[in-house]
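In: Just to be clear, the model below is a prediction. Sequence and coordinates:
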Amino acid sequence: MPDNYDSQKLLLQTLRGKKSDQTPVWLMRQAGRYLPEYRELRTQKGGFLELCYDAEAAAEVTIQPIKRFGFDGAILFSDILIVPHAMGQKLWFEAGEGPRLAPRLVDAALSSLEAAPEHFEAIYATVRRVASELDDKTTFMGFAGSPWTVATYMTHGQGSKDQSVTRRYAYQDELAFSELIDAIIDNTVEYLLGQIEAGVDALQLFDSWAGSLSPAQFQKWVIAPNAEIIARLKAVHPDLPIIGFPKGAGAKLIAYANETGASALGLDETVDPVWADKNLPKDLPVQGNLDPLALIVGGEALEKSTAHILKTFAERPHVFNLGHGILPDTPIEHVEKLLTLVRQ
């Protein structure tokens with residue numbers, strides 16, 4: 001793309017470290033159940049996974065919040081478990097309970113899986129469709145789950161509150177768990193390179209369960225694998241921004257910022273913006289970190305929290321976002337109010 005094309009994308013330029021008078025904004029899970037147009041389409045298409053693999057429908061979902069709100073970034077509508085599905089685990093979603101994978105790798109060998117690369121191809125089709133439809137001011141972001149978080153699902157076969165099954169397994173059979181992490185790294189790099197080729201402008205690595213690890217395990221299973229992915233991606237695409245989002249990392253964010261090579265750092269709602277601004281590298285773009293519940297409540301809670309975040313990060317490149325995904329019962333008028341507060 002010519003330079004003047006990218007220069008119109010405020011979010012992309014901010015992720016590259018350029019400070020602007022205007023703060024770009026997008027919201028994690030901005031395409032989802034709080035939108036009536038999403039609920040209507042989901043009803044038509046049936047299950048969540050079927051929606052992810054329907055390129056036309058997934059592209060429509062990706063673009064829905066851009067049409068309604070004019071966010072500065074569109075995030076690919078998909079799921080972090082596409083990688084284990086493509087690696088050969090069976091994947092389905094239990095109503096009201098969440099994802100399930102089989103066989104559980106705490107019980108079965110990684111070598112027993114048979115790769116299914118067609119699942120990646122389905123997502124690339126969505127990326128190509130979205131990239132062809134977005135305007136020239138909206139940054140298009142792809143994503144993947146980080147190896148530790150993906151491994152927790154592959155090992156246990158489902159989500160959990162404390163990831164204890166996977167944490168025990170990582171201690172008990174470090175060699176086997178390392179092989180799993182390495183396989184996830186390889187597949188994630190392949191997957192993200194495919195997203196880039198299909199048309200995304202930037203990437204985010206979601207480590208939703210990073211907060212459950214001790215410092216030594218965080219270094220081994222979060223920092224090192226993410227650093228490997230980022231290094232391999234940047235060897236091919238050195239200018240493409242990559243946002244690292246290790247939810248729950250707390251003070252370990254400093255090491256993550258200094259050692260992974262991430263272009264920008266996502267902050268969850270438990271991180272004090274003042275602490276983050278003081279302790280993170282001064283030239284590092286940050287993203288976040290409004291509490292999703294403050295957005296639901298609205299009013300004074302929303303106004304004060306938004307103002308505090310904007311003021312604290314006023315001197316560095318900053319992308320306004322939530323500290324985690326937008327919740328299904330979020331009032332649309334509160335999202336509209338948030339955009340007014342950020343952009344006024």
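Out: Now that the structure is in, tell me what you want to look at.
In: What about E114, how many residues nearby?
Out: Neighbourhood size, E114 [other CB atoms under 10 Å]: 8. Using the backbone N, CA and C atoms, a C-beta is placed for each residue, glycine as well.
In: Setting aside sequence neighbours, what's the nearest residue to it?
Out: Nearest in space to E114, with sequence neighbours left out and distances taken as CB to CB, 6 or more residues apart in numbering, is G88 at 4.6 Å.
In: give me every residue that touches that neighbour.
Out: S112, L113, E114, A115, A116 (CB atoms under 8 Å, 6 or more residues apart in numbering).
In: what's it sitting at in phi/psi?
Out: The phi/psi pair for G88 (degrees, to the nearest 10) reads phi 120, psi 0.
In: now do Q89
Out: Phi and psi for Q89, reported as degrees, to the nearest 10, are phi -80, psi 150.
In: ok, it - how many residues close by?
Out: Using other CB under 10 Å, Q89 is surrounded by 24 other residues.
In: residues in contact with stretch 336-343?
Out: 22-23, 25, 69-71, 290, 295, 298, 302-303, 306-307, 310, 320.
In: Next, the buried residues of that stretch.
Out: Residues of stretch 336-343 classed as buried by neighbour count (16 or more other CB atoms under 10 Å): K337, L338, L339, L341, V342.
In: where does the fourth one fall, helix, sheet strand or coil?
Out: To tie it back to what came earlier, the one meant is L341. helix (DSSP: H, G, I helix; E, B strand; the rest coil).
In: and the gap between it and H334?
Out: Between L341 and H334 the computed distance is 10 Å (CB to CB, to the nearest Å).
In: for the last one, same thing?
Out: Taking CB to CB as the criterion, V342 is separated from H334 by 13 Å.
In: Tell me, how many residues neighbour Q13?
Out: Q13 has 19 neighbours, counted by other CB under 10 Å.
In: What residues does it make contact with?
Out: By CB under 8 Å, 6+ apart, Q13 lies in contact with D6, S7, S20.
In: Surely it is within a helix?
Out: Yes: per three-state DSSP, Q13 lies within a helix segment.
In: Highest neighbour count among the contacts of Q13?
Out: Counting neighbours by other CB under 10 Å, the top entry in these is D6, with 15 neighbours.
In: Could you pull out the residues contacting both of L341 and H334?
Out: Taking CB under 8 Å, 6+ apart as the criterion, L341 and H334 both touch L302.
In: what residue ranges in the stretch 1-150 of the chain score low on pLDDT?
Out: For the stretch 1-150 of the chain, the stretches with pLDDT under 70 are 1-5.
In: same thing with the stretch 151-300 of the chain?
Out: By pLDDT under 70, the stretch 151-300 of the chain contains no weakly predicted segment.
In: Which stretches in it count as strands?
Out: Applying DSSP state E, counting those that start in this stretch to the stretch 151-300 of the chain gives strands spanning 202-207, 242-246, 264-266, 286-290.
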